[in-house]
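In: I would like to see how this sequence folds:
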Amino acid sequence: MLDPTPSTRLYELSREFARVGGEAYVGDDAWQYLEEQAGATMARFVENYVRRPIAELDTETANLLNLSIKNVFEDSSFLVELSNEQSNYIWRIPRNEDEALADDEGDQETQ
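Out: Below you'll find the predicted structure:
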């Protein structure tokens, strides 16, 4: 867990991982573990494109907008809404299935 915020649920989950022989890393220990496992090149990527942006977002948590994503069944689109007391932004994103990527067998299994 990259977020170091104390949590009873996180503590319980970490304890359960340890009980079954797993490992759990929290906060800076989790970042260090990721960087050690990633190697030099990937660790640089994680630092530049994951850790720093998350840290930057953390400084703005009071300004973050609420996020809502809804599936609109009538036209198979998604409705994305970002809002707070002062602002409301809504986007409708059409869903366009690429037939070349469709898996007919997988679709039949889930129906």
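
In: buried ones in stretch 40-55?
Out: Buried residues in stretch 40-55, defined by neighbour count with 16 or more other C-beta atoms under 10 Å: 43, 46, 51. (Each C-beta comes from the backbone N, C-alpha and C, glycine too.)

In: among the residues you listed, which lie within helices?
Out: Of these, the ones assigned to helices by DSSP state H are 43, 46.

In: show me where this structure has its strands.
Out: Listed in chain order, the strands of the chain (DSSP state E) span 66-72, 77-83, 88-94.

In: what helices or strands is the second one leaning on?
Out: Packing contacts for strand 77-83, counted by 3 or more C-beta pairs under 8 Å, 6 or more residues apart in numbering; DSSP states H and E, involve strand 66-72, strand 88-94.

In: reformat those as CSV; add distance to residue 17 and mean pLDDT.
Out: What follows is the helices and strands packed on strand 77-83, written out as CSV (distance: least, C-beta to C-beta, whole Å; pLDDT from 0 to 100):
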stretch, distance to residue 17, mean pLDDT
strand 66-72, 29, 90
strand 88-94, 36, 88
